[in-house]
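Peer 1: give me a 3D structure for the following:
(one chain, ligands or ions: 1)
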Amino acid sequence: MKSYRKELWFNVPTRRAFINITPQIQECLTASGIKEGLLLCNAMHITASVFINDDESGLHHDYEVWLEKLAPHEPVNQYRHNGYEDNADAHLKRQVMGREVVVAITEGQLDFGTWEQIFYGEFDGGRKKRVLVKIIGE
Ligand code: ZN
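Peer 2: Have a look, this model is predicted:
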């Protein structure tokens with residue numbers, strides 16, 4: 001069995017953003033040489049997400065509005081977590097959007113549904129953060 005591991009680094013200047021990382025994941029798959037197997041991609045931080053959905057700007061705006069309703073950033077003193085930090089909302093948003101995705105690898109391709117794309121969701125930006133890509137198979 002082959003195994004491949006890579007860390008992708010991001011430094012998002014804004015507090016929140018959604019970034020389509022499908023091209024970088026595709027590069028990892030090509031570099032791995034794996035044709036049949038499984039790909040895991042996870043955020044290595046507890047205030048960021050990796051998720052699969054549509055690359056459609058209206059939907060991304062809807063996520064932003066919905067997440068801000070669920071867990072507004074301000075007032076920051078509404079959260080017990082915000083003693084020394086101001087990122088409690090980012091932990092909650094990440095929980096909703098998820099930590100990781102698993103994608104089947106078939107005939108050397110990401111075996112997606114029609115509109116599926118992989119996104120990095122940043123909820124507490126302004127610093128360097130990592131995403132792990134792990135691929136196993138033959
Ligand atoms: Zn925190």
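Peer 1: from here on, contacts and neighbour counts on C-alpha atoms
Peer 2: Fine.
Peer 1: residue boundaries of the helices in the protein?
Peer 2: 22-32, 57-70, 88-97 (DSSP state H).
Peer 1: between the shortest one and helix 57-70, what angle do the directions make?
Peer 2: What separates the directions of helix 88-97 and helix 57-70 is an angle of 120 degrees, with axes from the mean of the first three to the mean of the last three Cα atoms, to 10 degrees.
Peer 1: any residues touching helix 88-97, and which ones?
Peer 2: 46-51, 67, 70-73, 76, 79-82, 121, 123-124 (Cα atoms under 8 Å, 6 or more residues apart in numbering).
Peer 1: give me the buried positions along it.
Peer 2: Neighbour-count burial for helix 88-97, counted by 16 or more other Cα atoms under 10 Å, picks out 88-94, 97.
Peer 1: so the residue of the chain lying at maximal distance from its centre versus Pro23, what's the distance?
Peer 2: Ranked by distance from the centre of the chain (Cα atoms, centre = their mean), the top residue is Asn77, with 26.9 Å. Plainly put, Asn77 is 39 Å away from Pro23 if you go by Cα to Cα, to the nearest Å.
Peer 1: buried stuff in stretch 126-138?
Peer 2: If you call a residue buried by 16+ other Cα under 10 Å, then stretch 126-138 has these buried ones: 129-137.
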